[in-house]
Every structure is written in structure tokens, then in C-alpha cells.
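1. give me a 3D structure for the following:
(chains A and B)
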Amino acid sequence: MSATDTPFERAGDPYRVGRSRDWVSTGAGRGHVYATGHGEGGPASKRVIVGYGFWIFLLSDIVMFSAFFAAHAVLQTATAGGPSGRELFNLWSIVAQTAFLLVSSFTCGLSAVATEARNQLWTQVALLVTGLFGLGFLVLEGRDFAGMVMQGAGPDRSAFLSSLFAVVGLHGLHVSAGLLWLGTMMAQIFVKGFRADILRRLVCFNLFWHALDIIWVALFTVVYLIGLGR
Amino acid sequence: MSDETDRRDPGDVGPGFMDAAELTIREGIARYVIGFVLASLLTAASFYVLNTSLIWGPGIPVALIVLAIAQMGVHLVFFLHINTAPDNTNNVLALAFGVLIVALVIAGSLWIMDHLNQNMMPMHQMMQMQR
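-> Residues are numbered from 1 along each chain as shown, chains lettered A, B, ... in the order given. I've put the predicted structure just below:
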């Protein structure tokens, strides 16, 4: 039976949503004979379960961020006579931070491609570039924070600044933790190679790093750009 | 642990996986490049919109938020590989729930706090009462 002539494709169901044990055992479709993760065939593979579990964690992390965002959105005008975003933010520093994080997210994706190809050298190179851009991001953010504190616009100046330092700082903490994780992953790939458990950790790290960039998109828009426009 | 292998079932996709079907290296890279280009364009558009007179001033925050949501979508599809393939249903449902909670928290906070602000006595009146 050719690949285009399975019962599923004849029935207009190329993804085999309606697959059942009968179809799997009789049809030689695109899928496995062992239809894991679809109820009847048994549990999903560990890789899928780990990825899904980490995805749930990331979503809960994003929900936590949403509380910080809500606080900042409510307090954005509560400057208590202190400086507002328009006076404090340096647009070009924000542009650079955004570019750094976007590039690092891209190279992180490239490392995943290299991992799929089981290429140790390119995985390490892509992860190293990811880490360097992440570090550059943190340095710029730290410089901005230090500059604001020096001007007397620290988190204790107004409710606006408290919420700003809280939400941006929380993201910065995540990036720092991500960098630490990235370093340990590079060492683990180097020492242990592409073992199944290492590969699962890499999937989680990739998800984490991309999620950080998604949060940054919300952050530079809501906190910085809308803050500058005020 | 070391002899353990994870067989890839082509019918199963977790978040972060390339695709149900095995992608070649070239296809994998092409995907990230497309995502990167789209995200860059949207980012550039956000920074451009900030100082433009093309858009009515008070509408600029709305435009920025639309661009941000679009960019998050690009990130989800091209970087996190969350798409509408049937095997991705679990991931999409979890995401939908997350988005619901985020929307409730943010919109609810803004709505309630705005009402409280409007119902509060203006500051100078409150000062007078305290005298």
C-alpha cells in the first residue's frame, strides 16, 4: 500500500485524528504502529511528557508575570512628583537590549537545529553566542538600572519606579538564571554527550529561553515604549 | 540512564519540537530565519510607531499593543513551535488557559483600579476634610 493510499488519507484525514486501534494495526499510514499518547496505544514518550510539563510551568510563570505587569500598568502614572518614564528611559539602550535578546533567541533556535543533527561543535557554538548576547543584555540592563539609581530614581522613589524595578528586575533574574542554566547545559553536553536525558533538558532550556524573549516583547512594549509615549 | 533512548513517535509533538515530521537541517534553519525576520520587522515597526505622525497620537499605545501581540504570535509559532496541528492540541489548550488567566488578571486589575480611582474623592478635597 503506498503512502498516499492509506485509509486515513482516503477518508480525508491525513493527520489521523480519528485513528483507532483497528486503523493502526491494519493501515500502514504515516504513524507508528504504537500510537503512543493517544489513549489506546499507551503513554506518550518521556520526551513529550517532559516538554509538556515544562510548557505548563512556563505558562504558570507567565501568569505570575501578568500580576507584575498589571501592577505596573496600574501604577504607571503614580510618579509621586518624581521622574516619569519619558525622563528616565534611554531609547537606544532599549533598542540594543531588544536586539540582543532577539538575536540570542534566534541562535538558541539554531542550537536546537544543531542538536537535532547531533552536531556537538555547532550546538556549543550556538549556545555560546546565545549566552554572550544574553550577557550583553544583562550588562545593558544593569547599566540602565545603575544610572537610574544614581539619579535618585531608585525603586524607593515612587510607586511607578517600584513597579518598574520589580517587573524588569524579575525578567532580569530569569535571564540570569537562564544564563546559569545555559552554562551547565554546555558543560553537560560536553561531558555526557547527546544522551536522552540531556536532550530533554535541552528542550526545556530552549523553551525557557524563547519564553523569556516573549516576556521581553511584552515588557519593552508596555513598560518602555508606552512609558516613553506618556 | 545512558542506554535509555527516546523513540520519536511521528504522531506526537511536545512544545519546542521541530515538527511531527522530521525536518532537514536546512528546513529547520529556514524556519528560525523566517521567525527571526518577522520578529525583527515587528520590533522595528514598534520602535517606528513610537515617534510617527502616521498614527493618531492617542492610538499609538493601541498600535504598539497590537504589534506586540503579533510578535508574540510569531515567537510562539516559529520559535516555540506551537501550531494548530492536531497533535499539538494539548499544548494549545494549555496556552489558551494561560492566556485566559493573563487576560483576566491584567484587564481585571486595570478595570477595577480605574473604577476605584474615579470613585475616589479628589486629593484636595480629602486634604480639606482632614483639617
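
2. kindly report the domain assignment for chain A.
-> A:1-43, A:46-228 (automatic domain parsing).

3. just the mean pLDDT for the longest one, thanks.
-> In this model, domain A:46-228 has a mean pLDDT of 94.

4. mind checking pLDDT for the residue nearest to B:Ile34 when sequence neighbours are not counted?
-> By the measure of CB to CB, 6 or more residues apart in numbering or on different chains, the closest residue to B:Ile34 outside its immediate chain neighbours is B:Phe78, 6.1 Å from it. Any C-beta I mention is one placed from the backbone N, CA and C, and that applies to glycine too. With respect to pLDDT, B:Phe78 scores 91.

5. which residues touch B:Phe78?
-> By CB atoms under 8 Å, 6 or more residues apart in numbering or on different chains, B:Phe78 lies in contact with B:Arg31, B:Tyr32, B:Ile34, B:Gly35, B:Phe36, B:Leu38, B:Ala39.

6. go on, A:Thr98?
-> Counted by CB under 8 Å, 6+ apart, A:Thr98 has contacts A:Trp216, A:Phe220, B:Thr43.

7. repeat that for B:Ala70.
-> B:Leu42 are the contacts of B:Ala70 under CB under 8 Å, 6+ apart.

8. which SS class is it?
-> helix (DSSP: H, G, I helix; E, B strand; the rest coil).

9. let's see which of the contacts of B:Phe78 end up in helices.
-> B:Arg31, B:Tyr32, B:Ile34, B:Gly35, B:Phe36, B:Leu38, B:Ala39 (DSSP state H).

10. measure the fifth one to B:Ile106 for me?
-> Note on B:Phe36: its distance to B:Ile106, by CB to CB, to the nearest Å, is 28 Å.

11. do the same with the last one
-> Summarising the geometry, the distance separating B:Ala39 from B:Ile106, computed by CB to CB, is 22 Å.

12. who's more crowded, the two?
-> B:Ala39 (23 against 20; other CB atoms under 10 Å in any protein chain shown).

13. the more buried one: what's its closest spatial neighbour, skipping adjacent residues?
-> B:Val74 (5.2 Å).

14. please identify the helix or strand for that neighbour.
-> Per DSSP states H and E: B:Val74 is located in helix B:60-74.

15. and the closest residue to chain B within chain A, how many residues sit next to it?
-> Nearest residue of chain A to chain B: A:Gly51, at 2.9 Å (CB to the nearest CB). A:Gly51 sits with 24 neighbouring residues when counted by other CB under 10 Å.

16. alright, calling it a day.
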